[in-house]
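**Q** With the input below, show me the fold.
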Amino acid sequence: MAVAERILTKTHIYLTVRAEDAETATSRAVNIYKAYITRLYENSAGVRGIRIDMEDPVERKDLPGTWTAVGTMRAEIPDDLRVLGADTPLDAWRAIVRSTWARVTREWERDLVRAESYVAITRRAVPGEEAAQESQADTPKKLIPITVHLQGQTHNIEVPDTDTLLDGCLDKGLPMKFQCKAGVCDECKVKVLKGMEFLPPPNEAELNMLGEALIKQGYRLSCQVTIKGPVEIEQ
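**A** Next up, the predicted model:
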């Protein structure tokens, strides 16, 4: 019998908890994430190495008494993972991740805001991504504040000036649209509302995919640009 290969995955999660202070918010978020990991192991035979790295909770100005704790979950899934209706192991894992999250948020409904707690994106980790992150962990990065208007919501986040705009947003858990990450499609295009002066000039990929007309309207490929100052974008 062939031994299943392992696929390293990365999932971004938004969890918004009810709490009167940061300490309580942290405790509740940690407990909910622990319960989530436990449920995932119960629901997914063969999956291993599940861990969630949680950022410090941030108080929501638009929802008094709530805090959002963004989590990045990593897991190794077998390439023979299957669930009904899923064509690939990654699709199967996405289905398990979402259904399990729905169950956990129902169980912890008193402590969280379900409408503001969701799995943003699950993807295959880029080869070498973990090693690259570890090797760069001790190198301080300059964080740039940006405002993102996405799916009717506004997010204020900070992204490293060394990351592309797309990667910076994805790493913060924003469900940005993208497909290739190579500048050969326009799925990740964004409209720059403010701060165009902090972006580099359009490269050949952007000119080919967007054309001068869209670029003059403020559109850019988020997978192709880094930023050196505050920007406001819309997708």
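**Q** use CA for all of it now, contacts and neighbours both
**A** Noted.
**Q** Now do the helices in the protein.
**A** 22-43, 89-107, 129-135, 165-171, 204-216 (DSSP state H).
**Q** Pick out the shakiest of these, pLDDT-wise.
**A** When these are compared by mean pLDDT, helix 129-135 comes last with a mean of 51.
**Q** Show me which helix or strand of this protein is least confident by mean pLDDT.
**A** helix 129-135 (a mean of 51; mean pLDDT, DSSP states H and E).
**Q** List the single closest residue to the residue nearest the centre of the chain in space, sequence neighbours excluded.
**A** Per C-alpha atoms, centre = their mean, the C-alpha nearest to the average position across the chain is that of Gly173, at 2.4 Å. Residue nearest to Gly173 in three dimensions, not counting chain neighbours: His12, with 4.6 Å by C-alpha to C-alpha, 6 or more residues apart in numbering.
**Q** Kindly confirm whether my reading is correct that that neighbour touches Arg124.
**A** No. At 11.8 Å, His12 does not count as touching Arg124 under the criterion of C-alpha atoms under 8 Å.
**Q** can you pull up the bridge partners for Glu59?
**A** Note on Glu59: beta-bridge partners Trp67, judged by DSSP bridges.
**Q** What is the neighbour count of it?
**A** Other residues lying near Glu59 total 21 when counted by other C-alpha atoms under 10 Å.
**Q** if I pick it, what's in contact with it?
**A** Residues in contact with Glu59 (C-alpha atoms under 8 Å, 6 or more residues apart in numbering) are 22, 65-68.
**Q** how about a cut-off of 10 Å?
**A** Residues near Glu59 by C-alpha atoms under 10 Å, 6 or more residues apart in numbering: 16-22, 25, 65-69.
**Q** my read: the residue nearest to the centre of the chain touches Val119, true?
**A** Yes. Contact criterion C-alpha atoms under 10 Å: Gly173 and Val119 qualify, at 8.3 Å.
**Q** Please enumerate the shared neighbours of His12 and Arg124.
**A** With C-alpha under 10 Å, 6+ apart, His12 and Arg124 have common neighbours Arg74.
**Q** neighbour-wise, which of those two wins?
**A** His12 (23 against 14).
**Q** Low-confidence ranges, this structure, go.
**A** Across the chain, the ranges flagged by pLDDT under 70 are 1-4, 126-141.
**Q** Could you chop it up by domain?
**A** The record's domain parsing of the chain by automatic domain parsing lists 6-132, 140-234.
**Q** what about the first one, distance to the chain center?
**A** Just to be clear, that refers to domain 6-132. Here the centre of domain 6-132 is set off from its chain's centre by 11 Å, with C-alpha atoms, centre = their mean, to the nearest Å.
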